[in-house]
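Undergrad: Okay, here's the prediction I keep looking at, along with the sequence it came from:
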Amino acid sequence: MLRKEVMTTPATASAALWDDKDPLMEAIALAVWEQCERQDYRATNDDPRNIAAVAATVARAFLLPDTAANADPGPEPWPTAEDAYAGAPHPRAEFEWLVNEAHAGRRNREWWLRRAAVVDRRSADLPSDHCLRDEHALELARFLIELDGATVTGDPRRYVRRQYLYWARNN
């Protein structure tokens, strides 16, 4: 590990402190060490623009994997309820599974995902005047998002649909 040092920049008066437990700092330090010109094992002697380019590349790859420069066209569009639940079991069978798992004390992420999905599916099948079931679907979607630690903008039920579709493809 690198030692703790105080670094200041001309742009700010506040100091940046090295943190041995920060994986981003570790990744940037390693990349600068490998990519930039050095005098000896302790000093990096390179153009600040090169160091910034290395740091920016590492930060993009570390923090923004979906926007890194590659041939990836980006994330899939949000699936519709019809697409997400095309191969889903009948809601009655899904509710039976949920009840059995709950009685057995197994309420893991899969349980919450399947519960949110079946309620969302039932809600999507009803006319728009059934507000109570829509609200329940939204509450479960928000709970799953919080459980996953995800950040979602827009309709949280889209997140449930995408996660259910991924889960169904892999299970």
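TA: Good, I have the coordinates.

Undergrad: contacts, neighbours, all on C-alpha from now
TA: Fine.

Undergrad: Tyr164 touches Trp111, doesn't it?
TA: No. Taking Cα atoms under 8 Å as the contact criterion, Tyr164 and Trp111 are not neighbours in contact, 11.1 Å apart.

Undergrad: between these two, which one's more packed in?
TA: Using other Cα atoms under 10 Å as the criterion, Tyr164 and Trp111 rank with Tyr164 on top: 22 against 16.

Undergrad: Contacts made by the strand or helix carrying that one with the rest, please.
TA: Here Tyr164, judged by DSSP states H and E, is contained in helix 156-170. Outside of helix 156-170, the residues within contact range by Cα atoms under 8 Å, 6 or more residues apart in numbering are 78-81, 84-85, 88, 113-114, 116-117, 120, 137-138, 141-142, 144-145, 152.

Undergrad: Kindly supply the ChimeraX command isolating those of those that are buried.
TA: Command for ChimeraX that selects the buried part of the contacts of helix 156-170, burial taken from 16 or more other Cα atoms under 10 Å:
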select :79,81,84,85,88,113,114,116,117,120,137,138,141,142,144,145
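
Undergrad: just the helices in the chain please.
TA: The residue ranges that make up the helices of the chain, judged by DSSP state H, are 23-35, 48-63, 81-84, 91-103, 109-124, 131-148, 156-170.
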